[in-house]
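Enquirer: Task: produce atomic coordinates for the following.
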Amino acid sequence: MPLDEGVRTLVRDGDTVALEGFTHLIPIAAGHEIIRQRIRGLTLVRMTPDILYDQMIGAGCARRLVFSWGGNPGVGSLHRFRDAIQNGWPAPLEIEEHSHAGMANRYVAGASGVPFAVLRGYTGTDLVGQTDAIKPITCPFSGEELTAVSALTPDVTVIHAQRADRAGNVQLWGITGVQKEAVLAARRTLVTVEEVVDTLDPVPGQVVLPARVVTAVAAAPGGARPSYAHGYYDRDNDAYRQWDAVARDRASFQRWLDEEIGAAVPSGGER
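Expert: Model prediction:
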């Protein structure tokens, strides 16, 4: 279906939404469509929120952020994220912090249909006791003290991929991060792709998501820019550097929203 219809159908106010992608295949076009449709009150989930979530937070889409690292890769801070935390602009933002391993294991638990995952990685950290989704647990076999993390089951997972066939099977390759697990953990899934093809020819290192776990596919050529899509286009490093200047100032960010997205947000973040 068209991207605007896919977002309108699958993403709702108040949803928990994961837009996953690690450096590569980041679903930028889908995130911009969420901004354009002025969807509000979202819990945004992502291992590594970068400029896309900075844009979505600044546009007033987010109520809460669940993550393990946040920044503009190779550049510095996320200024719209910082403004929301420090000043509540355009709206207050709650945060829930995890480690990379914790987030990955939470997706795996959600994909596996179990209520939690167990790992050693949080032992000795301040995150235990600070986050409701992290709890100490005793191994029933050895008595070892470990840590449980609750499963992540997003209402919607959105990813970008290279190709899908006309039946809705999706093929992606390159750095794939946790996209597969995030899709399998979600109740609904929207996949944007560079192209829809008749046949998915095999590619080394590919991940194929069968149509049965994909709710909708939207053709969105260039839909990961300024990140990259392996085999299609390179990362636009200049765009990440330029974003730093845009995001530092509320007025310049508002101009960007109006000119690039067509969705300027009034002061206070109202619709």
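Enquirer: pLDDT weak spots in the chain?
Expert: Counting by pLDDT under 70, the chain shows low-confidence ranges at 264-271.
Enquirer: Going along the chain, name the strands of it.
Expert: Applying DSSP state E to the chain gives strands spanning 16-19, 42-46, 62-67, 94-97, 116-119, 134-138, 145-150, 156-165, 170-172, 188-197, 207-209, 216-219.
Enquirer: Redo these as TSV? Include mean neighbour count.
Expert: Any C-beta I mention is one placed from the backbone N, CA and C, and that applies to glycine too. Shown next, in TSV, are the strands of the chain (neighbours: other CB atoms under 10 Å):
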stretch	mean neighbour count
strand 16-19	26
strand 42-46	24
strand 62-67	20
strand 94-97	15
strand 116-119	18
strand 134-138	15
strand 145-150	18
strand 156-165	26
strand 170-172	25
strand 188-197	21
strand 207-209	18
strand 216-219	21
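Enquirer: ok, which stretches of the stretch 101-250 of the chain are helices?
Expert: Taking DSSP state H, counting those that start in this stretch, the helices of the stretch 101-250 of the chain run over residues 179-185, 237-248, 250-256.
Enquirer: same for the first one, what does it pack against?
Expert: Here helix 179-185 is seen to pack against helix 100-112, strand 156-165, strand 207-209 when contacts are counted using 3 or more CB pairs under 8 Å, 6 or more residues apart in numbering; DSSP states H and E.
Enquirer: Which residues does the shortest one contact?
Expert: Contacts made with strand 207-209 from outside it, assessed by CB atoms under 8 Å, 6 or more residues apart in numbering, are listed as Ala161, Asn169, Val170, Gln171, Leu172, Trp173, Thr176, Gln179, Lys180, Val183, Val191, Leu200.
Enquirer: Adjacent strands (with direction) for it?
Expert: Partner strands and pairing direction for strand 207-209 (DSSP bridges) are strand 170-172 (antiparallel).
Enquirer: related to what we said a few turns ago, nearest to Thr215, out of the helices of the stretch 101-250 of the chain?
Expert: helix 179-185 (9.7 Å; CB to CB).
Enquirer: quick one: contacts of the closest one?
Expert: 18, 20-21, 25, 104, 107-111, 151-154, 157, 159, 161, 172, 189, 191, 207, 209, 213-214.
Enquirer: Next one: the closest residue to Thr48 other than its chain neighbours relative to Met103, how far apart?
Expert: Nearest non-adjacent residue to Thr48, counting by CB to CB, 6 or more residues apart in numbering: Trp69, 5.1 Å away. Using CB to CB, to the nearest Å, we find Trp69 at a distance of 9 Å from Met103.
Enquirer: Next: Val207.
Expert: Relative to Met103, and taking CB to CB, Val207 is found at 18 Å.
Enquirer: same thing with Pro140?
Expert: For Pro140, the distance to Met103 equals 25 Å [CB to CB].
Enquirer: Likewise for Gly71?
Expert: In this structure, Gly71 and Met103 are 15 Å apart, going by CB to CB.
Enquirer: Pick out whichever of those two has more residues nearby.
Expert: Regarding Gly71 and Met103, a neighbour count based on other CB atoms under 10 Å identifies Met103 as having more, with 26 against 15.
Enquirer: my read: that one touches Ser68, true?
Expert: Yes - if you go by CB atoms under 8 Å, Met103 and Ser68 touch, sitting 4.6 Å apart.
Enquirer: which residues are common contacts for those two?
Expert: With CB under 8 Å, 6+ apart, Met103 and Ser68 have common neighbours Met47.
Enquirer: Buried deepest among the helices of the stretch 101-250 of the chain, which one?
Expert: helix 179-185 (a mean of 24; mean count of other CB atoms under 10 Å).
Enquirer: who touches Glu194 in this structure?
Expert: Per CB under 8 Å, 6+ apart, neighbours of Glu194: Ala161, Gln162, Arg163, Ala219, Ala220, Pro221, Gly222, Gly223, Ala229, Tyr232.
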